[in-house]
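Novice: Quick one, structure for this:
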Amino acid sequence: LRSTAEGDRLVIVPAPATERDESWWQQFQTSQFIALSRDLHGQLQGAGLTSAHFQPYAQPVPGAALVDVITQRSALLWEPGGSTLASVRLALRQCRALGLRRLQVANCASGAERAELEALQATCAEMLQLAPATAQFRVDSVAGQLREHICLFLPQPQTGLDPVVLQALATGRLIVAPDAPMLRDYIGNLTTGLLYRASAPDDLPLLDNGRFRGFLAASLTKATRGHARWRAD
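Specialist: From the prediction side, this is the model:
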């Protein structure tokens, strides 16, 4: 990056998952950073740079406007690149651990992987629902699907700000995801969501409807406060 005129002060917003050693950052000593990840913010400050941390949130949906779908006990699996057989099998195990009855896959892998997913669906009775092979996926369509479920599964660590994650928080949905820095910024384990260890992805609590309601209320409260802070920032 280069300033347009001598003496200009650059304001740099790195991708949240940027990984560089301290010596690489030193070339930007005269710049101001805006970090959208708490972990990256700490790295920049540790390198002696000027950094401000901001945490974006989507506009929360008022609780009164949300339909109570807890008794349906269903979850949505979301992977931008398409869910594979391995991730669907993991999500099914996690559904059983949590006491959920149904899993909808928002975006499926194609080709041979799709055929394997359809074979798996045939053995799962009504528990597994695959997205149509011809479906076209946009963030707003996935956000609309979220309102039909109480839980969002994210099997991949987030390397950036996924709008679907922000929409899940804005609708008070319980997020189940691996314990990773970017997700840890938004999800409090056992308070607003569930973060599992990669070595033990099935180690999840069995939840009754009352505990689900507690999680959803806490998630919506966090999203409401976070959005107000984001607007103020």
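
Novice: where are the low-confidence patches of this structure?
Specialist: In the predicted model of the chain, residues 1-8, 134-139, 158-159 satisfy pLDDT under 70.

Novice: And the residue nearest the centre of it?
Specialist: residue 165 (3.6 Å; Cα atoms, centre = their mean).

Novice: Please go through the protein and pick out the longest helix.
Specialist: If you go by DSSP state H, the chain has its longest helix at helix 209-232.

Novice: related to what we said a few turns ago, ok, now how distant is the residue nearest to the centre of the chain from residue 42?
Specialist: Distance from residue 165 to residue 42, counting by Cβ to Cβ, to the nearest Å: 21 Å. (C-beta placed from N, C-alpha, C; glycine too.)

Novice: do the same with residue 156
Specialist: 23 Å.

Novice: now swap in residue 202 and tell me
Specialist: Distance from residue 202 to residue 42, by Cβ to Cβ: 31 Å.

Novice: the more surrounded of the two?
Specialist: Legend: neighbour count by other Cβ atoms under 10 Å for residue 202 and residue 42, higher for residue 42 (14 against 10).

Novice: could you dump the helix or strand that that one is a member of to PDB, C-alpha only?
Specialist: According to DSSP states H and E, residue 42 maps onto helix 38-46. What follows is helix 38-46, C-alpha atoms only, in PDB (Å, rounded to 0.1, in the frame of the first residue of the first chain):
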ATOM      1  CA  ARG A  38      -9.900  -9.100  18.600                       C
ATOM      2  CA  ASP A  39      -7.100 -11.500  18.000                       C
ATOM      3  CA  LEU A  40      -5.700  -9.500  15.100                       C
ATOM      4  CA  HIS A  41      -6.100  -6.300  17.100                       C
ATOM      5  CA  GLY A  42      -3.900  -7.800  19.800                       C
ATOM      6  CA  GLN A  43      -1.300  -8.800  17.200                       C
ATOM      7  CA  LEU A  44      -1.100  -5.300  15.800                       C
ATOM      8  CA  GLN A  45      -0.800  -3.700  19.200                       C
ATOM      9  CA  GLY A  46       1.900  -6.300  20.100                       C
END
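
Novice: Which other helices and strands does that helix contact?
Specialist: Applying 3 or more Cβ pairs under 8 Å, 6 or more residues apart in numbering; DSSP states H and E, one finds that helix 38-46 makes contact with helix 22-25, strand 32-35, strand 50-53, helix 181-184.

Novice: what separates the first one from the chain centre, distance-wise?
Specialist: It stands for helix 22-25. Distance of helix 22-25 from its chain centroid, counting by Cα atoms, centre = their mean, to the nearest Å, is 29 Å.
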